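Student: sequence first, predicted coordinates after that:
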Amino acid sequence: MKNYLQNGDALNVVAPAAGVVSGQPLVIGKIFGVCGSTRLVGETFALWRKGIFSLPKTNAQAWAQGDTLYWDAANSVVTNVNSGALLPVGYAADVAANPSSIGPVLLGQTPS
């Protein structure tokens, strides 16, 4: 196919002003993903958009498998409570206990 660019599991993006760290959740515009490597400002890296990642979550929450998840930019965590206009990022890949600081997040199927 002559118009195919890439599969979209990971997008090549440029590191923002603060740079990025491997495994860090990151939002670029309305695109949420996980940084595939550590890069300085202006360097290109893979932002993973599909897969299951262990990400920081709201500590005082329990997740059920399949819960819709959102990015809470103010607290830099994933949450299962949409308290306004939070960015949907995927689903809980498995349960996450209350309390716990990380949870399994299935990216690539963004809820509407």
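Tutor: That came through fine. Numbering: from 1, shown residues only.
Student: domains of this structure?
Tutor: Split into domains by automatic domain parsing, the chain comes to 10-49, 52-107.
Student: okay if I get these as CSV plus mean pLDDT?
Tutor: What follows is those, written out as CSV (pLDDT from 0 to 100):
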stretch, mean pLDDT
domain 10-49, 97
domain 52-107, 96
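Student: and stretch 18-34, end to end?
Tutor: 15 Å (C-alpha to C-alpha, to the nearest Å).
Student: tell me which element the spatially most central residue of the chain falls in.
Tutor: The centroid of the chain falls nearest to G33 when counting by C-alpha atoms, centre = their mean (4.1 Å). Following DSSP states H and E, one finds G33 within strand 31-35.
Student: V13 too?
Tutor: Using DSSP H and E, V13 falls in strand 10-14.
Student: what residues sit buried inside the strand holding G33?
Tutor: For strand 31-35, a neighbour-count test (16 or more other C-beta atoms under 10 Å) marks F32, G33, V34, C35 as buried. Every residue, glycine included, has its C-beta placed from N, CA and C.
Student: and that strand, which strands flank it?
Tutor: Using DSSP bridges, the strands paired with strand 31-35 are strand 25-28 (antiparallel), strand 44-48 (antiparallel).
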